[in-house]
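> Here's a sequence, model it:
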Amino acid sequence: MDPLQFLTTAKVAVVAGKGGVGKTTVTAVLARAAIRRGLRVLVVELDGKLGLARLLPGVEVLALSASAALAEYLDSHGLSRVTRRLVNSGVIDVVATASPGIDDIVVLGKIRQLEQSGLHDLIVVDGPAAGHAITFLLAAKSLLTVRGGPIHYQAAEVAAMLADPARCQVVLVTLPETTPITEAAETAYALEDRVGVHLAPIVVNGVDSGPALPAADAPQGSPLRLAAEFRNARRVLHEAACCD
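Predicted coordinates:
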């Protein structure tokens, strides 16, 4: 299978994984791969981080925070004067984080709006760490209990996007080690069972593969031999982790 085939099967790819597995790097690689295929790509990084803009010069990158998304949402609903006061007073930051699920649903709502705009063939989202990814993507289902009103409508629209594999998929990133792989498997089951979102192929990052290095050719106890023995041990560990 072409490992980049899934880039053309959904309009939104949310990249998630345990902290330290290279999630942001994989986001950048996927974006570059999609651009090389001629796709119009938007990269979204959450919480207002700016790392991807440096990794991807010349690529459209949107830094999206919950407070900014909430301010835009209120402004689009005719509350621009109120929004300005909330922003200036700092109250909007409190609202975005104090109401369970509100911060996540406004961010997801903005991503849905971008997906529906038709301006991009693929939106790659540098999503939250694996633990938060579940609650982040569950926000829509949780807020469907709100009866009527704009919050219910927003939650329903986001839930429809997440449930459609042609619109949204989650790319899990892990390392070839026992703990990250175990957590990735648990996250995968939770996302499918509880969220109902479709999973793209899992990316196993940082795999050290190849034939064993000739450590015995170097003098006993030399730095070169120790380095080769360490490298061989890592390759055995990675191969076992990937196969299991």
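
> residues of the helix ranked longest in the chain that come out buried?
Secondary structure assigned by DSSP state H gives helix 223-243 as the longest helix of the chain. For helix 223-243, the neighbour count (16 or more other C-beta atoms under 10 Å) marks 225, 228, 232, 234, 235, 238, 241 as buried. (Glycine included, C-beta is placed from N, CA and C.)

> mind exporting that helix as PDB, just the C-alpha atoms?
The C-alpha trace of helix 223-243 is given here as PDB (Å, rounded to 0.1, in the frame of the first residue of the first chain):
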ATOM      1  CA  PRO A 223      33.900   3.300  21.800                       C
ATOM      2  CA  LEU A 224      33.200   2.100  18.300                       C
ATOM      3  CA  ARG A 225      32.400  -1.400  19.500                       C
ATOM      4  CA  LEU A 226      30.200  -0.200  22.300                       C
ATOM      5  CA  ALA A 227      28.300   2.100  19.900                       C
ATOM      6  CA  ALA A 228      27.700  -0.800  17.500                       C
ATOM      7  CA  GLU A 229      26.600  -3.100  20.300                       C
ATOM      8  CA  PHE A 230      24.200  -0.400  21.600                       C
ATOM      9  CA  ARG A 231      22.800   0.200  18.000                       C
ATOM     10  CA  ASN A 232      22.300  -3.600  17.500                       C
ATOM     11  CA  ALA A 233      20.500  -3.900  20.800                       C
ATOM     12  CA  ARG A 234      18.200  -1.000  19.800                       C
ATOM     13  CA  ARG A 235      17.400  -2.600  16.500                       C
ATOM     14  CA  VAL A 236      16.500  -5.800  18.100                       C
ATOM     15  CA  LEU A 237      14.200  -4.000  20.600                       C
ATOM     16  CA  HIS A 238      12.500  -2.000  17.900                       C
ATOM     17  CA  GLU A 239      12.000  -5.000  15.700                       C
ATOM     18  CA  ALA A 240      10.400  -6.900  18.600                       C
ATOM     19  CA  ALA A 241       8.200  -4.000  19.600                       C
ATOM     20  CA  CYS A 242       6.900  -3.500  16.000                       C
ATOM     21  CA  CYS A 243       6.300  -7.200  15.400                       C
END
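
> Show me what secondary structure element comes after the one helix or strand in the chain whose mean pLDDT sits lowest.
Lowest on mean pLDDT, DSSP states H and E among the helices and strands of the chain sits helix 91-98, with a mean of 44. Later in the chain than helix 91-98, the nearest helix or strand by DSSP states H and E is helix 102-117.

> Residues contacting that next one, please?
Here helix 102-117 makes contact (C-beta atoms under 8 Å, 6 or more residues apart in numbering) with 11-12, 42, 44, 46, 62, 64-66, 69-70, 72-73, 95-97, 120, 123, 125, 135-137, 139-140, 143, 151, 154-155, 157-158, 161-162, 167-168.

> ok, of those residues, which come out buried?
For those, buried by 16+ other C-beta under 10 Å: 11-12, 42, 44, 46, 62, 64-66, 69-70, 72-73, 95-96, 120, 123, 125, 136-137, 139-140, 143, 151, 154-155, 157-158, 161-162, 167-168.

> So which of these belong to strands?
Assigned to strands by DSSP state E, the following of the buried ones among the contacts of helix 102-117 qualify: 12, 42, 44, 46, 62, 64, 123, 125, 168.

> Which pair of those spans the longest distance?
62 and 168 (16.6 Å; C-beta to C-beta).

> Now residue 221, what are its backbone angles?
phi 80, psi 0 (degrees, to the nearest 10).

> List the residues that contact it.
Contacts of residue 221 (C-beta under 8 Å, 6+ apart): none.

> gap between it and residue 227?
Relative to residue 227, residue 221 is positioned 12 Å away (criterion: C-beta to C-beta, to the nearest Å).

> and if you look at residue 233?
Taken as C-beta to C-beta, the span from residue 233 to residue 227 is 11 Å.
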